[in-house]
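> My questions concern the predicted model and sequence given below.
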Amino acid sequence: MNTNIFAHRGASGYAPENTMPAFQLAYEQGANGIETDVQLSKDGVPVLIHDETLKRTTNGTGYVKDYTVEELKQLDAGKWFSPKYAGITIVTLEQFLQWGKSKNLLFNIELKNDTINYEKLEQTVYDAVLKYNLLDQTIFSTFNAKSVERMNQIDPHAEVAFLTSSNKRHLLKDVINMGGNALHIHYRLLTERLVKKCKDLHIPLRVYTINRPQQMKRCYKLQCDGIFTDYPDIALTERKAFQSNE
Ligand code: G3P
Ligand code: MG
């Protein structure tokens, strides 16, 4: 079984997270998929950015939700990472899907609505993915249980993962009850027992954020369905080595 390698916010170990250079590099390195985080601008346009605030990854200040997409597009989203990336801008979901639609890639679109409950985020993101005919290649995920529920109401056939870093006793039961059909966990939660339970229930299990070769090997050995890594090239090399030793 092949553990899929998802570039976490693109190849974010090498290029500014959630920007086109990071996505392009992940694709060139041979990642199976790309994970990205989505929020809404003031005028309701889905944009790809991890933090609710602009400070860490752009030259802006304040909240993403308080700026229109045109205003967000004026910001520099690359220079914080390296002067080499000065002038790189925030990417809209549409731009990303347009780029990805002809590529043999999986997409994990993480709805960043665990702190701010963006109204209509689920429907807006779903409609964009549908428009580009990418539903079969897309996994939606969120830390917000209510959002999993809303996604399931929009399309019960869509793949919707509950994201968590907390070790609840009835985690899988909870995921099913909220309408989820996949589980994305922090690596500290990974156990052989959980892998087995997920396999028994046909719930894909993917693990974040896996940056060390030792952790990668463990995920391959346990046959996790996917990992999220900032270094897809290293994950690919390790997977090749692991498979040739099998
Ligand atoms: O989707 C996996 C991972 O990205 C979740 O955590 O904070 O990196 O978005 P975070
Ligand atoms: Mg994420």
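Looks like it came in fine. Numbering: from 1, shown residues only. Ligands and ions are numbered 1, 2, ... in the order given.
> Around ligand 2, which positions in the chain sit nearby?
Within the chain, the positions adjacent to ligand 2 are 37, 110 by Cβ under 5 Å from the ion. For every residue, glycine as well, the C-beta is placed using N, CA and C.
> Can you name the residue of this protein nearest to ligand 1?
residue 208 (3.8 Å; Cβ to the nearest ligand atom).
> Name the single longest helix found in this structure.
Longest helix in the chain, counting residues (DSSP state H): helix 232-245.
> ok, it near ligand 1 or not?
No - contact of helix 232-245 with ligand 1 (Cβ under 6 Å from any ligand atom) is absent, the minimum separation being 13.8 Å.
> Return the set of buried residues in that helix.
Buried positions in helix 232-245, judged by neighbour count with 16 or more other Cβ atoms under 10 Å: 232, 233, 234, 235, 236, 238, 239, 242.
> pLDDT score assigned to the third one?
Turning to residue 234, the model gives it a pLDDT of 98.
> list the contacts for the residue nearest to the spatial centre of the chain?
By Cα atoms, centre = their mean, the chain has its centre lying nearest to residue 35, at 2.9 Å. Applying Cβ atoms under 8 Å, 6 or more residues apart in numbering to residue 35 gives the contacts 6, 7, 8, 9, 108, 110, 208, 228.
> Run the angle between the one helix or strand it maps to and helix 232-245 for me.
Take DSSP states H and E as the rule and residue 35 turns out to sit in strand 33-40. Taking axes from the mean of the first three to the mean of the last three Cα atoms, to 10 degrees, one finds strand 33-40 and helix 232-245 inclined to each other by 150 degrees.
> now check the helix or strand following strand 33-40, is it near ligand 1?
Later in the chain than strand 33-40, the nearest helix or strand by DSSP H and E is strand 46-48. No - using Cβ under 6 Å from any ligand atom, strand 46-48 stays clear of ligand 1, coming no nearer than 11.3 Å.
> Dig out what whatever residue of the chain ends up closest to ligand 2 forms beta bridges with.
As assessed by Cβ to the ion, ligand 2 sits closest to residue 110 within the chain, at 4.0 Å. Beta-bridge pairing for residue 110 (DSSP bridges): residue 37, residue 141.
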